[in-house]
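Q: Mind looking at a prediction? Sequence and model below.
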Amino acid sequence: MREQKGQHPQSVEIDADDASVSEHVRMSRRLFLGSSAALVGAAGTGLGAGLLSPSAHAASHDGPSIEVKPGELDEYYGFWSGGHSGEVRILGLPSMRELMRIPVFNLDSATGWGITNESKEVLGHSEFLAGDSHHPHMSMTDGKYDSKYVFINDKANSRVARIRCDVMKTDKIITIPNVQAIHGLRVQKVPYTKYVFCNAEFRIPHPNDGTGLDDIEAYYTMFNAVDAETMEMAFQVIVDGNLDNTDADYTGKYAFSTCYNSENAVTLAGSIRNERDHVVVFNIERIEAAIKAGDYKTLPGADKVPVLDGRKGSKLTAYVPVPKSPHGMNTAPGGRYAVANGKLSPTITMLDLHKFDDLFAGKIEPRDVIAAEVELGLGPLHTAFDNRGYAYTTLFIDSQICKWDVEKAVRAYNGEEVDYIVQKLDVQYQPGHNHTTMGETRDADGKYLISLCKFSKDRFLPVGPLHPENDQLIDISGDEMKLVHDGPTYAEPHDCMIVHRSKVKTDKLWKRDDPFFATTVAQAKADGVVLEKDNKVIRDGNKVRVYMTSVAPNYGMDSFRVKQGDEVTIVITNLDNVEDVTHGFAMVNHGVQFEIGPQATASATFIAKEAGVHWYYCTWFCHALHMEMRGRMLVEKA
Ligand code: CUK
Ligand code: CUA
């Protein structure tokens, strides 16, 4: 095997005095590499010439300044998934400062997500489900970000959520029926995001009613399309194999997903037997036509959702064989190519999207759509693009980003003697996703690349056995990639996307008619309460609704009475119409805490179990007398 560029003892400079520490670090790296390498077995590296420019090896700090001085604003919004923390985060780039967290599939004390009635209505479950968010993607119009929504999957509970970009809050969540583990997610890019495409990863028996584990023939999974506006199911397509990641083209006609386990196995050994798996191409026009013609079935529990059969032989899909267990699926901004990243093969398969019409017309064979097979290094997972014809691929096992020339790769595949590898940059360590600024849209601008590294090891002060991830910022504007920033992050950004600030328009205040709290407003109306001025307690059997206004530094009521055992709903309307004046509400010893943004209404419900006086207070620092913003609930003995 060639030299181990990726594993780099070069950076083990921490604790030069402490031989045991650095030896420990070296050891753990070697062990890690060993197990990864074993996983790919004897896969050849097939590397193009090692065109490593000398300066590419070390983390270089002489690139353009990325300093965003105090008081200055970042140029980009980065939307980061939070993995098994379940949330989405907004970072500013290039500073990498965390600007906001958007709770989605998690509980959040600060905002009351999962506690307030408004968020529970969005979550739609009475019990809390711990989520695993991987792929955040913004809606598009004509292949460009339109700043309406960000969509994100929850692999752990087969859900898809939508975040409204005007207020940066989650407003809809759907559970995808009859599948397990929604993983790859992307949006239709053209003409606009009508559909959110999402892959269900795991094959399950149908029906999955507890009658069988071993009837493997009855197992399948589905590709899913959610209507982006209604957030209801549009259709589901049955496929062969396990679906992994997905992307769409720039005509609106096709979506395509990487697919591992073409063996349809249920064990690890079984699912990595074949040398080739496939990319499934979905013909959206034909799927829509089949639905119109009534050419579909439905499944139990979701009788309005068209389910189409897209298994091998179907006219709705095409199966393109590609090397072993492909993972990332990335469309290049030029619109001609998409790449399937090999994962267990060093090969990246480039598909020529312009040939898909001929493929579906039966004029060519599936393998004829392959524009190139690109060999970059070990463990290619995801690829990002700039606007100058270069691609950037994460090499998980090599711990590198490989920059390569897309057109040259095609020429090499066609027999020309050209080197398509431009540069390899060490990253720290083991990168999964990467993403370029605006790189999944027509507006790709080739300024920055983010490498989401799964391991940080020696890059930060140690904080116990659990380490942060390392999200590295790389300047790609020049001829060479330059590492310019290390960003520790909490579990676990799988993916991100980076949007120029000119695209994003957010509101400073809530609108009083916002649908987010429409149900609460309707209840108030039914109670004869004017939220903008009334402070009232409404009793309805043993249900008590306490309506309060808030204006810094006062709640509209400094005390109210309920009876032991009452179900109490606190409804607060923040009348401050000043940017950044958010109030909070916490009821001591009741587990109730939430945010009320300026001009918003928010509510939470709890049982008044214990008789006595209970203080409530404001949690968001709103005024010089914020500490005094409080009141008392008297629970009278039953
Ligand atoms: S997946 Cu995690 S590194 Cu869920 Cu997009 Cu590839
Ligand atoms: Cu209101 Cu602090």
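A: Alright, I've got the coordinates. Ligands and ions are numbered 1, 2, ... in the order given.

Q: what does the average pLDDT come to for stretch 480-487?
A: Stretch 480-487 carries an average pLDDT of 97.

Q: Kindly report the same for stretch 542-554.
A: 97.

Q: List the buried residues of that stretch.
A: Within stretch 542-554, the residues that qualify as buried are Val544, Arg545, Val546, Tyr547, Met548, Thr549, Ser550, Val551, Ala552, Pro553, Asn554, counting by 16 or more other Cβ atoms under 10 Å. Just so you know, the C-beta spots here come from the backbone N, C-alpha and C atoms, and that holds for glycine as well.

Q: Pick the one among those residues closest to ligand 1.
A: Ser550 (41.0 Å; Cβ to the nearest ligand atom).

Q: now that closest one, nearest residue through space, not along the chain?
A: His583 (4.7 Å; Cβ to Cβ, 6 or more residues apart in numbering).

Q: and stretch 376-385, C-alpha only, in CSV?
A: The C-alpha coordinates for stretch 376-385 follow below in CSV (Å, rounded to 0.1, in the frame of the first residue of the first chain):
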residue,chain,number,x,y,z
LEU,A,376,-9.4,8.7,-5.2
GLY,A,377,-8.4,6.8,-2.1
LEU,A,378,-9.9,4.8,0.7
GLY,A,379,-13.4,5.2,2.0
PRO,A,380,-15.0,7.8,-0.3
LEU,A,381,-18.2,8.9,1.5
HIS,A,382,-19.4,12.3,0.1
THR,A,383,-18.5,14.8,-2.6
ALA,A,384,-19.0,18.5,-2.9
PHE,A,385,-18.5,20.9,-5.8
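
Q: now that stretch: how far from the chain's centre is it?
A: 19 Å (Cα atoms, centre = their mean, to the nearest Å).

Q: repeat for stretch 567-587
A: 30 Å.

Q: Does ligand 2 have contacts with that stretch?
A: Yes: using Cβ under 6 Å from any ligand atom, stretch 567-587 reaches ligand 2 at His583.

Q: Which parts of this structure are helices?
A: In the chain, the helices defined using DSSP state H lie at 19-40, 117-123, 268-271, 284-292, 356-360, 406-413, 518-526.

Q: Pick out the shakiest of these, pLDDT-wise.
A: Looking at the helices of the chain, the bottom one is helix 19-40 with a mean of 40.

Q: quick one: the residue positioned nearest the centre of the chain and Thr619, what's the gap?
A: The centre of the chain sits closest to His135, judged by Cα atoms, centre = their mean, with a distance of 2.4 Å. As judged by Cβ to Cβ, to the nearest Å, His135 and Thr619 stand 32 Å apart.

Q: try Ala265
A: Distance from Ala265 to Thr619, by Cβ to Cβ: 51 Å.

Q: so where's this protein shaky on pLDDT?
A: For the chain, residues meeting the criterion pLDDT under 70 lie at 1-65.

Q: Near ligand 2, which residues of it are found?
A: Residues of the chain lying near ligand 2 (Cβ under 6 Å from any ligand atom): Ala552, Pro553, His583, Cys618, Trp620, Phe621, Cys622, His626, Met629.

Q: Now for these, which sits with the most neighbours around it?
A: His583 (30 neighbours; other Cβ atoms under 10 Å).

Q: so what's it bridging to?
A: Ile596 (DSSP bridges).

Q: Tyr617 is in contact with that one, correct?
A: No: using Cβ atoms under 8 Å, His583 makes no contact with Tyr617, being 10.2 Å away.

Q: Quick check: closest non-adjacent residue to the residue in the stretch 51-200 of the chain positioned nearest to ligand 1.
A: Closest to ligand 1 within the stretch 51-200 of the chain is His134: 3.8 Å, counting by Cβ to the nearest ligand atom. In space, and not counting its chain neighbours, His134 is closest to His494: 4.1 Å by Cβ to Cβ, 6+ apart.
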